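Student: Mind looking at a prediction? Sequence and model below.
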Amino acid sequence: MKAQLLTMSTPDGPFTILAQDGVVLASGWTTEPGELTGQIHPQLRPAEAETVTDLGPISRAVEAFYAGDPAPAMAVPVLQKSGPFRAHAWDVLRTVRPGFPVTYTEYAELSGNSKAVRAAASACALNAAALFVPCHRVIRTDGTLGGFRWGLAIKKSLLAREGG
């Protein structure tokens, strides 16, 4: 089955989702699918994608997020592939409460290895499923934003929207 590609309008700009069989493979604030596919593990990367106008529960979760309810986005199935630490760290990100960002050090601790701060930061950097795996909820120890693939203005907006 082909993957599906949807670009939605959001207050933070166009948000594109690449999904297959109701599972998010990649997403981010872009209109360019090529900016998403590079983050997908080669074994999961679809050969083709068809543009659609709706992704059902995935679309509704994005709409709910921007309407003030981030919970549905955490229930959307996501498929990413990597080593054991990074895969676990991505799962852990989905448990970080909206409005309560954690530092990279806290994120490493939550992921089971307090010394793996760089690995935790790498998990954020290599996360293909932005919003659904909320790497925007990780900040520097000094309270500054740190990095974000889709730009610090969007990260700041997402955190403000969540009350963080």
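Tutor: Nice, I can see it.
Student: which residue ranges form the helices in the protein?
Tutor: 34-37, 57-66, 71-75, 84-93, 104-110, 117-125, 152-162 (DSSP state H).
Student: Can you list the neighbours in contact with the fifth one?
Tutor: To tie it back to what came earlier, the one meant is helix 104-110. 89, 92-93, 95-96, 102, 114-117, 119-121, 124, 138-141, 146 (Cβ atoms under 8 Å, 6 or more residues apart in numbering). For glycine as for every other residue, the C-beta is placed from the backbone atoms N, C-alpha and C.
Student: that older thread, output the helices of the chain as TSV; include the columns mean neighbour count.
Tutor: Output for the helices of the chain, formatted as TSV (neighbours: other Cβ atoms under 10 Å):
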stretch	mean neighbour count
helix 34-37	15
helix 57-66	18
helix 71-75	16
helix 84-93	18
helix 104-110	20
helix 117-125	19
helix 152-162	17
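Student: Would you convert these into CSV that also reports distance to Q43?
Tutor: Converted to CSV, the helices of the chain look like this (distance: least, Cβ to Cβ, whole Å):
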stretch, distance to Q43
helix 34-37, 13
helix 57-66, 22
helix 71-75, 25
helix 84-93, 13
helix 104-110, 26
helix 117-125, 18
helix 152-162, 29
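Student: right, and those helices - which one's nearest D12?
Tutor: Closest to D12 of those is helix 152-162 (Cβ to Cβ; 4.9 Å).
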